[in-house]
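Student: show me how the following folds:
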Amino acid sequence: MRQACFFSYSKFLAALVALFAFSQAPAQIPDKFTNLQILDKDSNRAQVVGQMRMFAGALGVRCNHCHLGENAATLEGFDFASDEKEAKRIARLMMKMVQDINSNHLGGIGRAEHLKVNCVSCHRGLTKPQSLRDAMLKKVDAEGVEAAERHYRSLRESYYGRASYDFGAGTLNNVSETLARQENDLDSALAMIRLNIEFHPESAYSHVIQARILMAKNDPDGAVSSLKRAMEIEPGNQFYEGMLKRIQNRRQQ
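Tutor: As a prediction, this is how the structure comes out:
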């Protein structure tokens, strides 16, 4: 009983320390801002902090991503007026872009009250927004397919269930087809589609892509096996049936 009480008290102290640390951070933020260039210069502290928190959440970063300082937990010693960091200069350009899109483009079609973009529209929790497809293809090109597989698993562990990346079967299907058709890299294409089937074993089309790659690698037995699996998932699919017959006819020639 005493041990349970001790643990509860320890958790209470830890929560109290965390709350205290959080409460100190706002004290480091100035009451007046001397270098507002995009936001209204009359913006009060609450308005500016709210906007900055929106930026941070959209990009998955802390204050020190744009502002000069080290301790993002306390903000102690931060120079918020400094323009030294490139990220802050880029942020201003992005803010102008968002304003232009909302006012001049979406506003020009008369739907500004319904359609508006903001940081999260593109970033979705990523500092540098890009699709999972592009991330994987770049990784294969730069470091090889084994590094790309590790990268996919790492991203899936960190971001699955969020809006940052599309981990549906279609993404690696596209990656695999691109590697096979455009890059003529059948080995990497096969590795990517097998990775996809590991996470999406019930994706019939993934098995079909695998069959095509195996045929290109002169493995008709493997292709037939993949197609039969696709037909188990989607029985009666005439496209798959026709493909299977063509492969079987080639095997008999």
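
Student: next one: phi and psi at D79?
Tutor: Torsion angles at D79 (phi, psi; degrees, to the nearest 10) stand at phi -110, psi 90.

Student: for it, name its beta-bridge partners.
Tutor: L68 (DSSP bridges).

Student: make 402 the first number, not 1, from now on.
Tutor: Done: numbering now begins at 402, and the last item shifts to D480.

Student: contact partners for it?
Tutor: With contact taken as CB atoms under 8 Å, 6 or more residues apart in numbering, D480 is in contact with 468-470. For glycine as for every other residue, the C-beta is placed from the backbone atoms N, C-alpha and C.

Student: how about low-confidence regions in this structure?
Tutor: Residue ranges of the chain with pLDDT under 70: 402-428, 512-515, 654.

Student: domain-wise, how is it divided?
Tutor: The record's domain parsing of the chain by automatic domain parsing lists 421-524, 533-653.

Student: on that earlier part again, same list, the contacts of D480, but as CSV with distance to K489 please.
Tutor: Rendered in CSV, the data for the contacts of D480 read as follows (distance: CB to CB, whole Å):
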residue, distance to K489
H468, 7
L469, 8
G470, 12
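
Student: so which of these is the most crowded?
Tutor: Each of the contacts of D480 was scored for neighbours by other CB atoms under 10 Å, and H468 scores highest at 21 neighbours.

Student: now the helices for the stretch 402-551 of the chain?
Tutor: Listed in chain order, the helices found in the stretch 402-551 of the chain under DSSP state H, counting those that start in this stretch are 403-429, 446-460, 487-501, 520-524, 533-544, 546-560.

Student: columns mean neighbour count and distance to L440 on top of these, output as CSV?
Tutor: Shown next, in CSV, are these (neighbours: other CB atoms under 10 Å; distance: least, CB to CB, whole Å):
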stretch, mean neighbour count, distance to L440
helix 403-429, 10, 18
helix 446-460, 15, 6
helix 487-501, 13, 8
helix 520-524, 16, 14
helix 533-544, 17, 32
helix 546-560, 15, 30
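
Student: quick one: those helices as JSON lines, columns for distance to R582 too.
Tutor: What follows is those, written out as JSON lines (distance: least, CB to CB, whole Å):
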{"stretch": "helix 403-429", "distance to R582": "52"}
{"stretch": "helix 446-460", "distance to R582": "34"}
{"stretch": "helix 487-501", "distance to R582": "34"}
{"stretch": "helix 520-524", "distance to R582": "28"}
{"stretch": "helix 533-544", "distance to R582": "12"}
{"stretch": "helix 546-560", "distance to R582": "16"}
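
Student: count the residues that sit near E633.
Tutor: Other residues lying near E633 total 11 when counted by other CB under 10 Å.

Student: correction: K646
Tutor: The local packing of K646 (other CB under 10 Å) involves 11 other residues.

Student: helix or strand for it, which one?
Tutor: Following DSSP states H and E, one finds K646 within helix 639-653.

Student: list the buried residues in that helix.
Tutor: Residues of helix 639-653 classed as buried by neighbour count (16 or more other CB atoms under 10 Å): 641, 644-645, 648.

Student: list the contacts of the nearest residue to A548 once chain neighbours are set aside.
Tutor: Nearest-residue entry for A548: K540, 5.9 Å, with adjacent residues in sequence omitted and distances by CB to CB, 6 or more residues apart in numbering. Taking CB under 8 Å, 6+ apart, we find K540 in contact with 548-549, 552.

Student: could you dump these to CSV with distance to R446?
Tutor: Converted to CSV, the contacts of K540 look like this (distance: CB to CB, whole Å):
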residue, distance to R446
A548, 45
A549, 45
H552, 41
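
Student: and which of the residues you listed is nearest to L516?
Tutor: H552 (33.9 Å; CB to CB).

Student: wait, that closest one touches A536, no?
Tutor: Yes. Between H552 and A536 a contact is recorded at 7.2 Å, counting by CB atoms under 8 Å.

Student: tell me the buried residues in stretch 591-607?
Tutor: For stretch 591-607, burial by neighbour count (16+ other CB under 10 Å) applies to 591-594, 596-598, 600-601, 604-607.

Student: fine, thanks again, bye for now.
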